[in-house]
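> Predicted model follows, preceded by the sequence.
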Amino acid sequence: MNLSLKDKVVVITGAGKGMGPDISTAFANEGANLVLIGRDMDALQLLKTQIDTITSALILRCDVTNPKDCDSAIAVTLAELGHVDVLVNVAGGTGPVGDTAWDTTPEGFDEIVKLNMGGCFLMMRAVLPGMIARRYGKIVNVGGTFGMHGRAGRMAYSASKWGLRGITKSTAIEAGPYNINVNIVAPGMVDGPRFRTKVMPGMAEARGLSEDEVIAEHAAEYALRRISTGQDVASACLFMASDVSRQITGVDLPVDGGWAAL
């Protein structure tokens with residue numbers, strides 16, 4: 001299937017870490033012109049070196065929780081490439097892991113909500129005027145299935161991803177008349193460095209289990225009995241960013257092996 005993403009201008013936040021490299025590489029392989037955004041310029045430069053063998057990539061330092069950074073990143077993108085076709089909001093964090101609601105600090109709660117909700121809002125706010133003017137745009141917010149189904153020990157994270165659903169759905173209604181699709185790709189657990197070094201240790205300690213036992217428990221909850229990969233999430237992002245999904249907006253697409261929706 002031809003996704004017709006060749007030469008599209010695609011802005012990807014959080015490109016350098018977590019699922020970012022998998023998602024960025026997937027768009028590169030489709031021939032898109034990439035703008036890779038993040039705070040860690042070393043990670044972005046490494047990714048750019050790899051992607052430059054496939055397609056062009058512009059890297060920009062941007063803290064998505066800072067409105068001026070977001071506006072500046074899009075202003076540079078418009079100056080360099082003329083417009084933005086697609087925004088993929090990957091940047092996000094895990095928040096407190098293993099803490100109950102009553103053990104979660106106000107600071108920990110505010111930090112993850114500001115990043116996971118506020119970062120997507122600020123980037124959408126920066127790109128939407130240009131998309132509206134061109135009567136075209138695709139926005140893909142990377143949410144999470146804990147924003148569709150509560151999870152003990154992940155209250156703050158769940159709240160942030162649940163709130164992102166409201167942001168996405170309301171914006172989809174507002175932007176729809178301008179031929180702009182706004183959707184969520186909602187991964188379940190995604191195997192990778194962040195999963196192995198940040199999520200699993202906290203969950204294992206809180207549960208009194210080994211990390212392997214916690215991973216096996218998660219896999220057993222999914223209909224397909226396996227943990228998702230970054231490539232699984234990347235494929236869903238490609239679909240939502242393409243015109244193949246032209247009649248889909250305001251939805252949550254779980255990529256979790258069959259957990260949240262079943």
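Great, that's in hand.

> Give me the distance between the residue nearest to residue 230 when sequence neighbours are not counted and residue 12.
Excluding the flanking residues, the one nearest residue 230 by CB to CB, 6 or more residues apart in numbering is residue 22, at 3.2 Å. For glycine as for every other residue, the C-beta is placed from the backbone atoms N, C-alpha and C. Using CB to CB, to the nearest Å, we find residue 22 at a distance of 11 Å from residue 12.

> More neighbours: those two, which one.
Comparing residue 22 with residue 12 by other CB atoms under 10 Å, the one with more neighbours is residue 12, at 31 against 19.

> Return the residues in contact with the residue nearest to residue 230.
The contact partners of residue 22, by CB atoms under 8 Å, 6 or more residues apart in numbering, come to 229, 230, 231, 233, 234.

> ok, now residue 25?
Contact analysis of residue 25 by CB under 8 Å, 6+ apart lists 47, 50, 51, 54, 234.

> Out of these, which end up buried?
47, 51, 234 (16 or more other CB atoms under 10 Å).

> can you tell me which of those residues lies nearest to residue 100?
Nearest to residue 100 among the buried ones among the contacts of residue 25: residue 234, at 33.5 Å, using CB to CB.

> Tell me if I'm right that that closest one and residue 21 touch.
No: assessed by CB atoms under 8 Å, residue 234 is found out of contact with residue 21, at 9.3 Å.

> Let me know the pLDDT of the residue of the chain most remote from its centre.
Of all residues in the chain, residue 208 has its C-alpha farthest from the mean position, at 30.4 Å, by CA atoms, centre = their mean. pLDDT, residue 208: 84.

> roughly how far apart are it and residue 99?
15 Å.

> for residue 173, same thing?
Distance from residue 173 to residue 99, by CB to CB: 34 Å.

> Any figure for the gap between residue 136 and residue 127?
Counting by CB to CB, the gap from residue 136 to residue 127 is 12 Å.

> more neighbours, those two?
For residue 136 versus residue 127, neighbours defined as other CB under 10 Å are more numerous around residue 127 (24 against 17).

> okay, residue 1: pLDDT?
67.

> Helix, strand, or coil at residue 226?
Counting by DSSP: H, G, I helix; E, B strand; the rest coil, the backbone at residue 226 sits in coil.

> how near is it to residue 220?
From residue 226 to residue 220 the distance is 10 Å (CB to CB).

> Can you pick out the residue with more neighbours from those two?
Using other CB under 10 Å as the criterion, residue 226 and residue 220 rank with residue 226 on top: 14 against 8.

> Which residue ranges of the stretch 101-250 of the chain form helices?
106-113, 119-134, 155-175, 193-194, 200-207, 211-221, 230-241 (DSSP state H, counting those that start in this stretch).

> Determine which of these approaches residue 254 most closely.
Checking the helices of the stretch 101-250 of the chain against residue 254 by CB to CB gives helix 230-241 as the closest, at 9.1 Å.

> Restricting to C-alpha, output that closest one in PDB.
C-alpha atoms of helix 230-241 as PDB (Å, rounded to 0.1, in the frame of the first residue of the first chain):
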ATOM      1  CA  GLY A 230       8.700   0.500  18.800                       C
ATOM      2  CA  GLN A 231       8.200  -0.700  15.300                       C
ATOM      3  CA  ASP A 232       4.600  -1.700  16.100                       C
ATOM      4  CA  VAL A 233       3.900   1.800  17.300                       C
ATOM      5  CA  ALA A 234       5.700   3.300  14.300                       C
ATOM      6  CA  SER A 235       3.500   1.400  11.800                       C
ATOM      7  CA  ALA A 236       0.400   2.800  13.500                       C
ATOM      8  CA  CYS A 237       1.800   6.300  13.400                       C
ATOM      9  CA  LEU A 238       2.500   5.900   9.700                       C
ATOM     10  CA  PHE A 239      -1.100   4.800   9.100                       C
ATOM     11  CA  MET A 240      -2.600   7.700  11.100                       C
ATOM     12  CA  ALA A 241      -0.300  10.200   9.300                       C
END
